[in-house]
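Novice: requesting a structural model of the entry that follows:
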Amino acid sequence: MADLLEYKCPCCGGAINFDSATQKMKCPYCDTEFDPAALMSRDEVLKQPQKDHIHWDTQTQSVWSEDEKAELRSYICRSCGGEIIGDAQTAAASCPYCGNPVVMTGQFSGDLRPDYVIPFKLDKKAAKEKYDAFIQGKKLLPKIFKDQNHIDEIKGVYVPFWLFDADVDANIQYEATRTRVWSDRDYDYTETSYFMVDRAGRIAFDRVPVDGSSKMPDDLMESIEPFDFNDAVDFQTAYLAGYLADKFDVGSEQSVSRANARIKTSAEAAFADTVTGYNAVLPKSGNINVQNGKAKYALYPVWLLNTTWNGKQYTFAMNGQTGKFVGDLPMDKGAYWKWWALYSGVAGAVCAGLTAILYFR
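Specialist: Model (predicted):
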């Protein structure tokens, strides 16, 4: 069995969690509070490489395949003795029998240890309130979805992110036009001037985030950005107590291409913003070189909400630090076509009215 780390209250022996409201460790039984830094000594074990020791009972009729063994981890809860099963990326969870929060220490040992963590600032209640506000006022949302919908699951997850620093040297050429229009008694004139505009320079990028979990859709994680790195602290397992956490399963080298794409898009936009005073600007050619790239490993707080309607699952995400909420909703097709017919009818009436006015002038 792999090792587990549980935080116990020295006053009453109860399991303690990280409380997002006070930013401290708090015992739910006696309300005693602790500074996470006071528990830093518990993390010393993570600085030494550790190996998981996994035992499978092969005496049963069915046995695990080698692929299944590689993806599963088995743990024993130190509070009740119950067995906790997780996959190869599970790093923090709760015991399904007694509910005590646990941290899988082996997932953060050696080179796998994160550099930073942004603690949760908002709790589960705030996530539910954000969801309720999110579905209000959506005119194309099926009414039955709002009336009968319920949340299947709300979970706070520390998502692994790679934070990329890089310097970008760029040289971009643009084709720009400037138009002048005037008239005399006989003619209307249009003069279009064409320009070639060059832009070159260097931009430094700090902590460009790319999520390191294949379970998390990249577009969903990017939609709840930005995270404020000013709240980041050096990693301590105490912040994970009471939440779920995954270690990365997409390495930094595998994430480089996505980081490059994000950096390139941002660099192009930054240079394009400097080309002003023209009626139209089109990029024609150029090159962008990324240098001095390096990556750090961090855990960012995310609330995930799941609901099922008409056999389809809908996933929503909330930034556990800022409260930014995103997700897809079902659409009432009948309401959509009613709105479309109403819009088309109003637009047609306006056009007909304008035609009549012009005709009778």
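
Novice: pLDDT below threshold where in the stretch 1-150 of the chain?
Specialist: Judged by pLDDT under 70, the stretch 1-150 of the chain has its weakly predicted residues at 1-5, 39-111, 140, 144-149.

Novice: run the last query once more with 90
Specialist: 1-114, 132-150 (pLDDT under 90).

Novice: pairing partners for residue 317 in the sheet, please.
Specialist: With DSSP bridges as the criterion, residue 317 is bridged to residue 304, residue 326.

Novice: okay, it: pLDDT?
Specialist: According to the prediction, residue 317 has pLDDT 94.

Novice: surely it and residue 306 touch.
Specialist: No - Residue 317 lies out of contact with residue 306 (CB atoms under 8 Å); the separation is 10.3 Å. C-beta: built from backbone N, CA, C; applies to glycine.

Novice: these two: who's more crowded?
Specialist: A direct count of neighbours by other CB atoms under 10 Å for residue 317 and residue 306 places residue 317 higher, at 22 against 14.

Novice: give me every residue that touches the more buried one.
Specialist: Contacts for residue 317 (CB atoms under 8 Å, 6 or more residues apart in numbering) come out as 220-221, 223-224, 302-305, 325-327.

Novice: drop anything exposed from these.
Specialist: Of all those considered here, the ones buried according to neighbour count by 16 or more other CB atoms under 10 Å are 220-221, 224, 302-305, 325-327.

Novice: all the helices of the stretch 51-200 of the chain, in order from the start?
Specialist: In chain order, the stretch 51-200 of the chain shows helices spanning 66-71, 124-134, 143-148, with DSSP state H, counting those that start in this stretch as the criterion.

Novice: before we move on, the earlier item: of the buried ones among the contacts of residue 317, closest to residue 181?
Specialist: Checking the buried ones among the contacts of residue 317 against residue 181 with CB to CB, the nearest one is residue 326 at 43.1 Å.

Novice: distance check, that closest one against residue 224.
Specialist: Distance, residue 326 to residue 224, using CB to CB, to the nearest Å: 6 Å.

Novice: and for the two, which residues touch both?
Specialist: Shared contacts of residue 326 and residue 224 (CB under 8 Å, 6+ apart): 317-318.

Novice: look up how far residue 161 lies from residue 218.
Specialist: To residue 161, residue 218 is 11 Å away according to CB to CB.

Novice: mutual contacts of the two, please.
Specialist: With contacts defined as CB under 8 Å, 6+ apart, the residues shared by residue 218 and residue 161 are 210-211.

Novice: compare the two (neighbour count), which wins?
Specialist: residue 161 (29 against 15).

Novice: show me what contacts the more buried one?
Specialist: Neighbouring residues of residue 161 by CB under 8 Å, 6+ apart: 209-212, 221, 297-300.

Novice: my guess is residue 151 contacts residue 309. True?
Specialist: No - in this structure residue 151 lies outside contact range of residue 309 using CB under 8 Å: 11.3 Å.

Novice: list the contacts for residue 194?
Specialist: Shown in contact with residue 194 (CB under 8 Å, 6+ apart): 175-177.

Novice: oh sorry, the question was meant for residue 182
Specialist: Residues in contact with residue 182, defined by CB under 8 Å, 6+ apart, are 188-189.

Novice: need the contact list for the closest residue to residue 212 other than its chain neighbours.
Specialist: In space, and not counting its chain neighbours, residue 212 is closest to residue 248: 3.3 Å by CB to CB, 6 or more residues apart in numbering. Taking CB under 8 Å, 6+ apart as the criterion, residue 248 is in contact with 89, 160, 162, 212-213, 297.

Novice: can you rerun that using 10 Å?
Specialist: For residue 248, the residues meeting the contact criterion (CB atoms under 10 Å, 6 or more residues apart in numbering) are 89, 91, 107, 112, 114, 159-162, 211-214, 254-255, 297, 299.

Novice: so it versus residue 205, what's the distance?
Specialist: 20 Å.

Novice: a helix runs through residue 204, doesn't it?
Specialist: No - the secondary structure assignment for residue 204 gives strand rather than a helix, going by DSSP: H, G, I helix; E, B strand; the rest coil.

Novice: what's the farthest-apart pair in the buried ones among the contacts of residue 317?
Specialist: Across those, the longest distance by CB to CB is 14.6 Å; it joins 221 and 305.

Novice: circling back to that earlier point, intersection of neighbour lists for residue 317 and residue 306?
Specialist: Applying CB under 10 Å, 6+ apart, one finds that residue 317 and residue 306 are jointly contacted by residue 327.

Novice: give me the below-cutoff pLDDT ranges for the stretch 201-350 of the chain.
Specialist: Going by pLDDT under 90, which is the cut-off in play, the stretch 201-350 of the chain has low-confidence ranges at 214-217, 236-249, 285-286, 290-293, 306-315, 327-350.

Novice: helices of that one, start to end?
Specialist: Using DSSP H, counting those that start in this stretch, the helices found in the stretch 201-350 of the chain span residues 218-223, 252-272, 333-360.

Novice: next, the buried residues of the second one.
Specialist: Going by neighbour count (16+ other CB under 10 Å), the buried part of helix 252-272 is 252, 255-256, 258-260, 262-263, 267-268, 271.

Novice: CA atoms only: put it into CSV for me.
Specialist: Taking C-alpha atoms only, helix 252-272 is exported to CSV below (Å, rounded to 0.1, in the frame of the first residue of the first chain):
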residue,chain,number,x,y,z
SER,A,252,6.4,20.2,-19.2
GLU,A,253,8.0,19.0,-22.5
GLN,A,254,4.6,17.9,-23.8
SER,A,255,3.1,21.3,-22.8
VAL,A,256,5.8,23.4,-24.6
SER,A,257,3.9,23.4,-27.9
ARG,A,258,0.7,24.8,-26.3
ALA,A,259,2.8,27.4,-24.3
ASN,A,260,4.5,28.4,-27.6
ALA,A,261,1.1,28.9,-29.2
ARG,A,262,-0.2,31.0,-26.4
ILE,A,263,3.0,33.1,-26.3
LYS,A,264,3.0,33.6,-30.0
THR,A,265,-0.7,34.7,-30.1
SER,A,266,-0.1,37.2,-27.2
ALA,A,267,3.1,38.5,-28.9
GLU,A,268,1.4,39.1,-32.2
ALA,A,269,-1.5,40.9,-30.5
ALA,A,270,0.9,43.1,-28.5
PHE,A,271,2.8,44.2,-31.6
ALA,A,272,-0.4,44.7,-33.6
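
Novice: all good on my end, thank you.
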